[in-house]
Each structure stands twice: as C-alpha cells, then as structure tokens.
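1. Kindly generate the corresponding structure for this input.
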Amino acid sequence: MDDRTFAVLMAGGSGTRFWPLSRRRRPKQVLPFAGGVPLARAAFERVRGLVPPERVLVVTGADQVAALREILPEIPPDGFLVEPAPRNTAPCLGLAAVEAERRRPGALLLNLPADHVIEPVETFRETARRALARADAAGALVTFGIAPTRPATGYGWIRLGPETAPGVHAVARFTEKPDAATAEGFLADGGYRWNGGLFAWRADAFLGEVRTHLPALAEGLDALTADPARLGGIFPGLPEISVDFAVMERTSRAEVCLADFRWDDVGSLEALARLLPPDGTGNHGIGALLTLDGGSNVVVAPPGHLVAGIGVHDLVVIATPDVTLVCPRDRAEEVSRLVKELRRRGREDLL
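-> You can find the predicted model right below:
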C-alpha cells in the first residue's frame, strides 16, 4: 500500500448488548474473544499487513482510550482520535476522514469496526486491497458484502447490481434488518450479501458525499478542518446518525466488494455460541460448567467459579464478580434493556 492509505478502527462503542462482560471502561473490543486475544488487537493485526502502525487511526471515546492504548502500544499517541461524545458512525468516519486528509492529501481509507471476528486474515487483506483499488480508481464508496450463511434479521442486506470491476458490484438496493420471511427469500435468491459495516473510500470522495447528503454534518467537519483544536466544542453538536443512513443508502457512488472471509460482528452474547466450540453436552463457554440433563447453553464464568445447572437448555449465563446474568439465548439481544434500566436507577457503578 502507498503512503496515502490509512486504516481506521472504529472503537467507540460501549457494547451494551455484551453487558455485564462489557463495561464503560472495559468495552467489548478489549475482550479476548478473537482466538484468545482482544478483539481490537486482532483487528489491528489484520490491518498491520496493509499499513504501518503510524497510519492506523483508532476512533474511540474517553472512557475506552486507556484500555485500547494498553493493548495497542505500537500505535502512536496521535493515532487515537478521542470523540468528546458518542455520535454514531457517520461523525466517527467523518472525523477520521478529516484527519487522514489533513495528514496526507488524497488519503485512502479502510474503515472497519474494532470488535468483529474475521478469518482468515490473508483473505481479508486480499479483499481489502481489491476494495481500496476500486475506491481509489473510481471514487466509489465501497462496502464489503459478506456472503450470508443464515437468514439473519439483525443485519442489513445488499442486493447486488451489475459488476463494475472484478469482484465488485454496483449496489442495487439496501434493506435494513428484514423480517424472517424476507431474509429467507434473500438467502434463497443468492443475489444478496450482508452489509458488514466495513468500508473503503477516498477521504475526499466520502466528504463530498457527506456534503451532498448531510450538509449539517459537512458544516461541522469543515469547521474541524479549519480548526482541529475546536473538536470538543464542535463534535458533540454533530448529527447523531449512522453512515449507512446518512450516506450509503443515499449516494449513487455506493459499490459492494464481494467478501468471502468468515465474519461475525459478535453483536450479542448469543454470538459466543458461534465463536466457542461446544463441549460434550453442546454447551459453549469459558470457565467451569456442570450441567445434568441440559445443554445448548452459553456460559462465561470467572476463574474458580463453577456454574452448575439441572435440566436447563438454551440459556445465556454470565457470572462476574458483581453481576450474574441469566436469560434465554433467543433474547440475548435485549440485554441492553437491562443497561438502560440500571442507568435509570442510578447504578452507574455496574456500568
């Protein structure tokens, strides 16, 4: 990769659907679910084969930056872009684009969440090179289209349009989180991909589309370009919106690069069943577990703590020193409701 290329790790989320393992100062991206290493560390190692550490930008929040610096010591201090307030992915990626363009005019960006599992690494890198080459040559905003393995209703789906370059297609349509019957149809059709939330684009092309489709965000980013020292005053006032809604679903420059690597967004605790191999009774977990007449549970227990059960099936059980969570696996997506309730009750000590 030439010296215009940057990798952006989006690491600002607090991972509320991963509570109580994920907390404000120990977010999901620092948890060791990527083959025993922190998710953010694995993301860094993936992009390290494409760009040097000084061209990796980590966009995160003030509560998370200390933990991320500890697991990513190779990245220089100015590689951590600290958001003064959470504003979703459009402002996050706008901030990264402004900073990369300031450092290298004509900057080319590979943007990816820091809390996904992607394997094998070399397949990812080959796909990233293809996406970056198309973004550079055509000024396209390229998303990565993940080959679907199930009729997922929690992901966005992309309908493939005509091929624009080898392994790259125009985007015919985005569909956000379809119902079960629609997702079944998409999977059977074969002409759809999951929207994995990974992107490649030139900074100037992305900022131009922001200017067209979300002028309020562009105005704030222009002010940051003029005076980066005003970040603390400008950023909290930017529109809180995802990059998909703000730009990708509106632009005519969206394209999709076919991605055939294994991918998991580790979106909830139930995802651990896909990441951790089952034991002899079909349970998935970390730590000591004993079940009689039960199975298909997801369990995480700290060292020296036994989780035992009789006749229990399809549960998520998470034991930490101060919290024990129990819920059905098919309701693991709702854990964030508990976080909201704890916040309402003033239990910030548990968040």
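2. Now stretch 15-35: buried residues?
-> Across stretch 15-35, burial judged by 16 or more other CB atoms under 10 Å covers 15-24, 27-31, 33-34. Heads up, the C-betas are built off the backbone N, CA and C, glycines and all.
3. With stretch 182-189 instead?
-> Neighbour counts over stretch 182-189 (16+ other CB under 10 Å) mark 183, 186 as buried.
4. Need the contact partners of it.
-> Residues from elsewhere that reach stretch 182-189 (CB atoms under 8 Å, 6 or more residues apart in numbering): 148, 150, 151, 152, 153, 157, 175, 178, 192.
5. residue contacts, the first one?
-> Meaning residue 148. Contacts were defined as CB under 8 Å, 6+ apart; by that measure residue 148 touches 157, 186, 187, 192, 193, 194.
6. before we move on, what about the third one?
-> With CB under 8 Å, 6+ apart as the criterion, the residues that contact residue 151 are 180, 183, 184, 186, 187.
7. please redo it, this time with the cut-off set to 10 Å
-> Residues near residue 151 by CB atoms under 10 Å, 6 or more residues apart in numbering: 157, 178, 179, 180, 181, 182, 183, 184, 185, 186, 187, 188.
8. Give the next helix or strand downstream of the helix or strand harbouring the first one.
-> Under the criterion of DSSP states H and E, residue 157 resides in strand 156-165. From strand 156-165 onward toward the C-terminus, using DSSP H and E, the following helix or strand is strand 168-176.
9. about what we covered before: so which of the buried residues of stretch 15-35 are in strands?
-> Using DSSP state E, no member of the buried residues of stretch 15-35 falls within strands.
10. Only the buried residues of stretch 249-262, if you could.
-> Across stretch 249-262, burial judged by 16+ other CB under 10 Å covers 249, 251, 253, 254, 255, 256, 257, 258, 259, 261.
11. Check whether the first one really touches residue 209, as I assumed.
-> No - applying CB atoms under 10 Å as the test, residue 249 and residue 209 come out as separate, 11.3 Å apart.
12. what's the overlap in contacts for those two?
-> With contacts defined as CB under 10 Å, 6+ apart, the residues shared by residue 249 and residue 209 are residue 243.
13. Do you have the helices of the protein handy? List them.
-> When assigned using DSSP state H, the helices of the chain occupy the ranges 39-48, 65-71, 89-103, 121-138, 180-189, 203-213, 215-226, 231-234, 243, 272-275, 335-344.
14. want to throw the ones you listed into TSV with mean pLDDT and distance to residue 297?
-> What follows is the helices of the chain, written out as TSV (pLDDT from 0 to 100; distance: least, CB to CB, whole Å):
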stretch	mean pLDDT	distance to residue 297
helix 39-48	96	23
helix 65-71	95	29
helix 89-103	97	33
helix 121-138	98	31
helix 180-189	96	24
helix 203-213	98	43
helix 215-226	96	44
helix 231-234	96	45
helix 243	96	36
helix 272-275	89	9
helix 335-344	93	16
